[in-house]
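I'd like to go over a predicted model; first the sequence, then the structure.
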Amino acid sequence: MSDRPGTLVAAAGSGARARPEPIAHAVVASLALPPARPAPSQPPSPLPLTGLHWLPRDTSLLYDIGRVDGSGRIASNDIVSALNWTPGSKLDVILTPQSIVLRAASDGLFSVPQRPCIVIPSHARRPHGIKPGDHVLIAAAPDHGLVIVYPLSALDEMISRYHST
């Protein structure tokens with residue numbers, strides 16, 4: 001038996017299972033750099049790229065990481081400017097299991113504040129455990145008038161899932 005993460009925690013034959021490695025341990029292990037090697041005498045061959053997952057890279061999405069203040073505001077000047085939201089513009093707030101979507105909607109229940117910024121209403125922050133001072137990932141699609149806000153726990157899960165495959 002061992003209490004080290006990812007090792008067997010019960011005697012063999014007892015019907016107990018191995019404890020899965022904690023996500024943080026797996027992420028750290030997958031991001032660890034290999035030991036340094038001496039410089040080769042010939043230039044190295046290029047790495048195979050067939051296993052990489054490519055995303056289309058156009059300018060349709062913008063990303064930022066912002067800090068949430070006590071009123072749910074996030075200062076992200078580049079994204080706010082690209083959205084062209086004006087004070088008083090109406091917004092809808094849509095909750096998903098891992099994110100919060102803000103979108104322009106003529107019949108929206110929320111308005112862009114006098115000084116335009118991204119605002120996450122308290123009813124949307126609570127289920128995701130977003131508190132003042134927390135950082136969030138912001139993904140914006142200005143052409144569609146929407147912003148997707150991810151708590152960093154969702155980003156941790158995305159990165160972990162990506163590196164576990």
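Noted; the coordinates are in hand. Residues are numbered from 1 along each chain as shown.

can you list the domain ranges for the chain.
The chain is divided into the following domains under automatic domain parsing: 1-31, 62-161.

I figured residue 146 hits residue 101, correct?
Yes. With contacts counted by CB atoms under 8 Å, residue 146 reaches residue 101, the gap being 6.1 Å. Backbone N, C-alpha and C define where each C-beta goes, glycine included.

So residue 138 sits against residue 68, correct?
No. Proximity of residue 138 to residue 68 does not meet the contact threshold set by CB under 8 Å, at 10.4 Å.

Need the residues touching each of the two.
Any residue near both residue 138 and residue 68 by CB atoms under 8 Å, 6 or more residues apart in numbering counts here, and that gives residue 74.

Okay, strands next: where are they in this structure?
Along the chain, the stretches classed as strands by DSSP state E are 62-67, 73-74, 90-95, 100-104, 110-111, 118-119, 135-141, 146-151.

could I get the ones you listed as TSV with distance to residue 162 and mean neighbour count?
Listed next are the strands of the chain as TSV, based on distance: least, CB to CB, whole Å; neighbours: other CB atoms under 10 Å:
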stretch	distance to residue 162	mean neighbour count
strand 62-67	16	15
strand 73-74	25	20
strand 90-95	24	16
strand 100-104	22	19
strand 110-111	33	14
strand 118-119	26	22
strand 135-141	14	19
strand 146-151	14	22
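
With distance to residue 161 and mean pLDDT added, can I get these in a markdown table?
Output for those, formatted as a markdown table (distance: least, CB to CB, whole Å; pLDDT from 0 to 100):
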| stretch | distance to residue 161 | mean pLDDT |
| --- | --- | --- |
| strand 62-67 | 18 | 93 |
| strand 73-74 | 25 | 94 |
| strand 90-95 | 21 | 92 |
| strand 100-104 | 20 | 92 |
| strand 110-111 | 31 | 90 |
| strand 118-119 | 26 | 93 |
| strand 135-141 | 15 | 93 |
| strand 146-151 | 13 | 92 |
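
Output those strands in TSV; the columns should cover distance to residue 126.
Formatted as TSV, these follow (distance: least, CB to CB, whole Å):
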stretch	distance to residue 126
strand 62-67	18
strand 73-74	16
strand 90-95	10
strand 100-104	11
strand 110-111	15
strand 118-119	15
strand 135-141	14
strand 146-151	11
